[in-house]
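**Student:** could you work out the structure for the sequence below:
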Amino acid sequence: MEFSNSLLHWYLQNKRDLPWRNTNNPYPIWLSEIMLQQTRVAQGMPYFLSFMEAFPTVFDLAKADEEQVLKLWQGLGYYSRARNMHKTAQIIAFDLNGNFPNNYNDLLKLKGIGEYTAAAIASFAFNEVVPVVDGNVYRVLARYFDVETDIASSSARKEFTALAKELIPNDNPALFNQAIMEFGALQCVPKNPNCDVCIFNSSCAALQKKKVAELPVKLKKTKVTNKYFNYLIFLDDSETTLINKRTEKGIWHNLYEFPIIETENEMDFDVLSKLVHENYSDLEIKDISIYNENQIIHKLSHQKLHINFYKVEVSKKLNNGIELDSLRNYPFPIVIYNFIEKYSI
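**Tutor:** Predicted coordinates:
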C-alpha cells in the first residue's frame, strides 16, 4: 500500500539512532519499552544506558535487590513499572532459563506487559506480524483516516489495531511498527505539527478537513485529587534522622520517605506544630521550622501533591536513626531526592 511504502521510506531517512533499535535481542527491547511507557525518549535514554550497564543480561537484573532497581529507576516515575520489571526478569531468568516468550500471546502473560508492550517485543525481537498501537499510532491513524473514535474509550484499541493490521506489511512488520511510532513522535506531533513538510499532506484526511488540532479525540479526563504531604525531618544532636519505607499499596510503594503527616486539606504551621508535639512528645522536641519557603507542587497522573518539609530538632537520641550522609543510598521519590540535594541534607 502507498501509505506503508511512503512511511517506510520516510523512516529510513529520518529515524533516530537509538540503541535498542540496533538489536533483535528481546532483553534490551523489553527494557526500553517498559521505560518508555509514559516517558519521552530523551528522559528515558540515560536510564536505559544505566540499567544496561548495571544489568547487562536478564539474569543480572533478576539477581539484583529490588532496592537497587528502584534506586536506579529513581526519577523515572510510575515505580510499579520497575517492580513489575524486576519480577518479570526473575520469571524469565529462573523459570524460563533466560528465554523470553517468542510470541505476542505468551508475552502477554508476563507481569507488567500489556498489549502494546507484547506487540512491540513480538514484532521487534521476533518479527511477528502484529501491529503496535501506542499514543503516536493513535494520533497518526486518527488524523490520516479521520477517525473520530474517542481513544480513551474501551472500543478504541480494537478499532485502531484492526486499522493498523490492514496497513502492516507481512514481510517487514518490525520496520513498519518502528516507522509509524517514529512518525508520530517526530512529524505528526500532538501540537502544531508542521503539515507543510509532511509526506502525507496531499492525502491526510484531517489536513484536508482542517481537523488536525481536533484529532485524536480524547474525552475522558483523569480525575485529579489534591493531597497534602508534610514531611518531618527529625534531627538529633548526632545529626541522625529517621526514614520509613512506604509499604502500603499506592504511589511510591517500597520507596523511602521521611515521617509524614498526610492530609486532605492544607494544614497551617501552628496546627502542624501542635500535632508533632503531641505525636512525638517522647523525642523531646526543641524546635520546628520549615525548609521550603514556597510549597512544592508535585503532579502525578491522578494526584496533585502539595508538599512541605519541616526540620524537627529533638533532644532525645533517635532510635534507628540513620546518618545524613547515608540518605543518598536509599531509593526515594524524586521530589524527596531533589529536596535532599537542594538543602544538602
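**Student:** what number of residues lie near the nearest residue to Cys204 once chain neighbours are set aside?
**Tutor:** Nearest residue to Cys204 in three dimensions, chain neighbours excluded: Tyr144, at 5.2 Å (C-beta to C-beta, 6 or more residues apart in numbering). C-beta here means a position set from N, CA and C on the backbone, and glycine is covered the same way. For Tyr144, the count of nearby residues is 23 (other C-beta atoms under 10 Å).
**Student:** helix/strand/coil for Tyr144?
**Tutor:** Under DSSP: H, G, I helix; E, B strand; the rest coil, Tyr144 falls in the helix class.
**Student:** how much space separates it from Met85?
**Tutor:** Distance of Tyr144 to Met85, given as C-beta to C-beta, to the nearest Å: 33 Å.
**Student:** check contacts around Gln38.
**Tutor:** Contact partners of Gln38, counting by C-beta atoms under 8 Å, 6 or more residues apart in numbering, are Gly77, Tyr78, Ser301.
**Student:** what about Thr23, which SS state?
**Tutor:** coil.
**Student:** pLDDT value on it, please?
**Tutor:** Looking at Thr23, its pLDDT stands at 96.
**Student:** follow-up on the earlier one: okay, and which of the contacts of Gln38 map to strands?
**Tutor:** Among the contacts of Gln38, no residue falls in strands (DSSP state E).
**Student:** reformat those as TSV; add distance to Pro26.
**Tutor:** Listed next are those as TSV, based on distance: C-beta to C-beta, whole Å:
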residue	distance to Pro26
Gly77	24
Tyr78	22
Ser301	28
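**Student:** and which of these is nearest to Asn338?
**Tutor:** Gly77 (13.0 Å; C-beta to C-beta).
**Student:** wait, what's in contact with that closest one?
**Tutor:** Gly77 neighbours (C-beta under 8 Å, 6+ apart): Gln38, Thr39, Leu300, Ile334.
**Student:** any idea how far Lys274 is from it?
**Tutor:** Computed as C-beta to C-beta, the Gly77 to Lys274 distance reads 34 Å.
**Student:** and the closest residue to Leu242 other than its chain neighbours, how many neighbours?
**Tutor:** Leaving out its chain neighbours, the residue that sits closest to Leu242 by C-beta to C-beta, 6+ apart is Phe234, at 4.9 Å. Neighbours of Phe234 under the rule other C-beta under 10 Å: 22.
**Student:** just say helix, strand or coil for Phe234.
**Tutor:** Classification of Phe234 by three-state DSSP places it in strand.
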